[in-house]
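1. quick one: sequence plus predicted model below, questions after.
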Amino acid sequence: MSDIQMTKLANCAGCGAKVGAGVLAQLLEGLPVHQDERLLVGYDRSDDASVYVIDENTALVQTVDFFPPIADDPFTFGQIAACNALSDVYAMGGEPKLALNIMTVSPKMDREAIHAVLRGGYEKAYEAGVIITGGHTIEDSEPKYGLAVTGFVHPQRVLKNCTARPGDVLLLTKPLGVGILTTAAKGEMISGELLKRLHVQMTTLNRAARDCMLRFEVHSCTDVTGFSLMGHAYEMCSGSGCSIHLCADSVPYHKEAWEMANMGFVPAGAYRNRAYVEPNLHWAREIPLPLQDILFDPQTSGGLLIAAAEKDAEALLRALKEESGFAAQVGYVTESGPKPLIVE
């Protein structure tokens, strides 16, 4: 097995490498948006995947996601990247079925490392019931890996990130702090035990959480990745025409992330997220800076942010804890106010 350290071959890691949401919006501005009555969700909606209706019972869900290494072990990196890409389909309420590899190979990678990355992706896809049918590989100075994923969903059961309603309760299915802690890991500032725990979290599919939420009345959903909890919550409330209130003391995070953030191990993506959200954000009280950094921290293969009907929220929270292993109530939705996003 290769002993190469994948994170040493890249300048940034995981979803922290994403172009900032504000910059992305500028880059997409003015591009032609072609209309098709069968296209339920396109890129103009800032949603997790596109959705195209095939017939009255079937819609096609498509997404693509890839990034530089966030783990030194090539196999683990492949697993995390695949899990992250599959998550977009789960966030739409869909079932992923087919995938294509997207890979860039560094000259510093040996054959064993390349094979291990691909094997990690294949094994995670197999766990999800997804067939990888091919892909595309090119040479680059930095390694990157991910998947283009195709799935299916019933047209009447598509979950969007822009359909939250006043009265909804917000649930989150994975704790925050991954970006901060993996940044600290590059400086060898966290334990191997904690890093292993982060890898387990990032290689956990959101399939069980998706299965749970489909049994209840859920109005909106998105997965929390590179734009952070704050960025994805802002996209949800602005698209829905509502205000979202996040309860800072209820937001789950790895406790070690506070100390690392306080020491300055904050990824650049967190600052991009803050610049994007803060003009539309109201701090209802003083929040310690380390906790602010955690709220803006870019996540890789993060959890689902679910806007559930108030009548079903408690039962869904219980089911998520029992069946997917983790969940927390992190906020609520109200009618639109002076600011779309409030942290209390």
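-> Arrived safely, thanks for sending. Residues are numbered from 1 along each chain as shown.

2. so residue 300: helix, strand or coil?
-> Classification of residue 300 using DSSP: H, G, I helix; E, B strand; the rest coil returns coil.

3. okay but it is in contact with residue 70, surely?
-> Yes - taking contacts as Cβ atoms under 8 Å, residue 300 lies within contact range of residue 70: 5.3 Å. For glycine as for every other residue, the C-beta is placed from the backbone atoms N, C-alpha and C.

4. neighbour count: those two, which is higher?
-> residue 70 (29 against 25; other Cβ atoms under 10 Å).

5. and that one, how far is that from residue 198?
-> For residue 70, the distance to residue 198 (Cβ to Cβ, to the nearest Å) stands at 9 Å.

6. pull up the overlap in contacts between the two.
-> residue 182 (Cβ atoms under 8 Å, 6 or more residues apart in numbering).

7. quick one: average pLDDT of stretch 116-123?
-> Averaged across stretch 116-123, pLDDT comes to 97.

8. which parts of this structure are strands?
-> Taking DSSP state E as the test, the strands found in the chain are 39-41, 50-55, 58-67, 95-105, 131-139, 144-153, 169-172, 218-223, 242-246, 281-283, 304-308, 328-335, 341-343.

9. what's the pLDDT at residue 18?
-> Looking at residue 18, its pLDDT is 62.

10. now swap in residue 74 and tell me
-> 96.

11. which residue, other than its chain neighbours, is closest to it?
-> Leaving out its chain neighbours, the residue that sits closest to residue 74 by Cβ to Cβ, 6 or more residues apart in numbering is residue 116, at 3.7 Å.

12. what's the neighbour count on that neighbour?
-> 22.

13. from residue 203, how far out is it?
-> Shown here: residue 116 relative to residue 203, a distance of 14 Å by Cβ to Cβ.

14. give me the nearest residue to residue 157, chain neighbours excluded.
-> Residue 157's closest residue in space is residue 93 (Cβ to Cβ, 6+ apart), at 5.4 Å.

15. if you could redo that for residue 199, that was the one I meant.
-> Residue 199 sits nearest to residue 76 (Cβ to Cβ, 6+ apart), 5.4 Å away.

16. next, the contact list for that neighbour, please.
-> Residues in contact with residue 76 (Cβ under 8 Å, 6+ apart) are 120, 199, 203.

17. ditto for residue 214
-> 93, 157.

18. which phi and psi does it have?
-> phi -70, psi -10 (degrees, to the nearest 10).

19. state the distance from the closest residue in space to residue 321 that isn't next to it in sequence to residue 290.
-> Using Cβ to Cβ, 6+ apart and skipping residues adjacent in sequence, the residue nearest residue 321 is residue 327, 5.1 Å away. As judged by Cβ to Cβ, residue 327 and residue 290 stand 23 Å apart.

20. more neighbours: the two, which one.
-> Neighbour count, other Cβ under 10 Å: between residue 327 and residue 290, residue 327 has more, with 25 against 18.

21. that one against residue 171, yeah?
-> Yes - Residue 327 lies in contact with residue 171 (Cβ under 8 Å); the separation is 5.6 Å.

22. overlap of the contact sets of the two?
-> Contact criterion Cβ under 8 Å, 6+ apart; residues shared by residue 327 and residue 171: 317, 320.

23. in helices only, show me the contacts of residue 76.
-> 120, 199 (DSSP state H).

24. out of the contacts of residue 76, which is most surrounded?
-> Neighbour counts for the contacts of residue 76 peak at residue 120, which has 24 neighbours (criterion: other Cβ under 10 Å).

25. tally of neighbours for the nearest residue to that one once chain neighbours are set aside?
-> Spatial nearest neighbour of residue 120, chain neighbours left out: residue 78 (2.5 Å); criterion: Cβ to Cβ, 6+ apart. By other Cβ under 10 Å, the residues close to residue 78 number 31.

26. contact partners for residue 78?
-> Residue 78 touches 116-124, 145, counting by Cβ under 8 Å, 6+ apart.
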